[in-house]
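Asker: Here is the input, now give the coordinates:
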Amino acid sequence: MSVHYEVDDLVARITLDRPEVRNAVDSATAAELHAAFLRFDADESAHVAVFTGSGGTFCAGADLKALASGDTRDLSPEARGPMGPTRMELDKPVIAAIEGHAVAGGLELALWCDLRVVAEDAILGVFCRRFGVPLIDLGTVRLPRLVGHGRAMDLILTGRPVDAEEALRIGLCERVAPRGQALHAATALARQIAAFPQRCMRGDRRAAIDQWSLDWDSAMRRELELGLATLASGETLAGASAFTRGQGRHGEFP
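Answerer: This next block holds a predicted model:
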């Protein structure tokens, strides 16, 4: 197995484990990643997933040695993402914990996640630019939406490395952790999110994702639809009752 799945205290940890190739992804590993995130989405014991790589590297992208040796995968629009989960739309959040390199297809995996926690010595970039390997895991879509068109074009056209400080400054990541502590920081963040009322959090998350493909009026209606579902669930009333009893006062968080 090249992908490991475990759950602890409402947080699933999904680990890409091919350190001998810096966690590069071949077709079999892509299938394992896809299956692991399907498992997470259906797992009622897990509210948030942390996605990481073993051996001090997040992911070096597609396994080019395997590709050169004839490793193939279905590249049709209806197939799963070439790197595995990148075309999936999950109902729960995923946080990338990035040590070492998250480059090429590895960067696309990180872009697929809801949040990115990056070690201070990590490197991100479109390194596949050097080898004529295209971005086909939605890198050309998600990167401009995350950092803006001009910055995305800079990274896409040059393939240059981006360190953690710049990644934070341009919005390519949301947190920077000390070297070797990205997984710890991402897990702490995941547990904080997992402790919130889940129906409301997931509804707001879905509204924020769905609005990208909607006009203003449709986005407003989608937000209201999801918000009304939360209100109807009783979760909001339960939260209001907890507040009247003194819970969460003065900005206290779980």
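
Asker: in this structure, which residue is closest to the centre?
Answerer: Taking C-alpha atoms, centre = their mean as the criterion, residue 113 is the residue nearest the geometric centre of the chain, at 1.1 Å.

Asker: isn't that residue right next to residue 94, touching?
Answerer: Yes - taking C-beta atoms under 8 Å as the definition, residue 113 is a contact partner of residue 94 at 4.6 Å. For the C-beta atoms, the positions are set from N, CA and C on the backbone; glycine is no exception.

Asker: Spit out the residues that contact those two alike.
Answerer: Common contact partners of residue 113 and residue 94 (C-beta atoms under 8 Å, 6 or more residues apart in numbering): residue 51.

Asker: about what we covered before: for the residue nearest to the centre of the chain, give me its contacts.
Answerer: Contacts of residue 113 by C-beta under 8 Å, 6+ apart are 51, 94-96.

Asker: from the residues you listed, which ones fall inside strands?
Answerer: By the criterion of DSSP state E, membership of the contacts of residue 113 in strands covers 51, 94-96.

Asker: what about residue 233, how many neighbours?
Answerer: By the criterion of other C-beta atoms under 10 Å, residue 233 has 15 neighbours.

Asker: in the stretch 151-254 of the chain, which ranges drop under the pLDDT threshold?
Answerer: 240, 242, 246-254 (pLDDT under 70).

Asker: ranges for the strands of it?
Answerer: For the stretch 151-254 of the chain, applying DSSP state E, counting those that start in this stretch gives strands covering 162-163, 175-177.

Asker: just the helices in the stretch 151-254 of the chain please.
Answerer: For the stretch 151-254 of the chain, the helices defined by DSSP state H, counting those that start in this stretch cover 164-170, 182-194, 198-210, 216-233, 235-244.

Asker: Buried deepest among the ones you listed, which one?
Answerer: Most buried of these by mean neighbour count (mean count of other C-beta atoms under 10 Å) is helix 182-194; its value is a mean of 20.

Asker: relative orientation of that helix and helix 198-210 in degrees?
Answerer: Going by axes from the mean of the first three to the mean of the last three C-alpha atoms, to 10 degrees, helix 182-194 is angled at 110 degrees with respect to helix 198-210.

Asker: OK, contacts around the closest residue to residue 200 other than its chain neighbours?
Answerer: Computed as C-beta to C-beta, 6 or more residues apart in numbering, the closest residue to residue 200 that is not its neighbour in sequence is residue 230, at 4.7 Å. With contact set as C-beta under 8 Å, 6+ apart, residue 230 has these partners: 199-200, 203, 236.

Asker: ok, now residue 151?
Answerer: For residue 151, the contacting residues are residue 170, by C-beta under 8 Å, 6+ apart.

Asker: one more time with 10 Å, if that's ok
Answerer: Counting by C-beta atoms under 10 Å, 6 or more residues apart in numbering, residue 151 touches 143-144, 162, 166, 169-172.

Asker: Can I get those in CSV including distance to residue 85?
Answerer: Formatted as CSV, the contacts of residue 151 follow (distance: C-beta to C-beta, whole Å):
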residue, distance to residue 85
143, 17
144, 20
162, 22
166, 26
169, 27
170, 24
171, 22
172, 19
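
Asker: before we move on, the earlier item: closest to residue 129 out of the strands of the stretch 151-254 of the chain?
Answerer: Nearest to residue 129, of all the strands of the stretch 151-254 of the chain, is strand 162-163, at 12.8 Å by C-beta to C-beta.

Asker: same for that closest one, what does it pack against?
Answerer: The helices and strands touching strand 162-163, judged by 3 or more C-beta pairs under 10 Å, 6 or more residues apart in numbering; DSSP states H and E, are strand 123-125, helix 149-158, helix 164-170.

Asker: picking up where we left off before, can I get the helices of the stretch 151-254 of the chain in JSON lines with distance to residue 128?
Answerer: Output for the helices of the stretch 151-254 of the chain, formatted as JSON lines (distance: least, C-beta to C-beta, whole Å):
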{"stretch": "helix 164-170", "distance to residue 128": "18"}
{"stretch": "helix 182-194", "distance to residue 128": "23"}
{"stretch": "helix 198-210", "distance to residue 128": "26"}
{"stretch": "helix 216-233", "distance to residue 128": "33"}
{"stretch": "helix 235-244", "distance to residue 128": "43"}
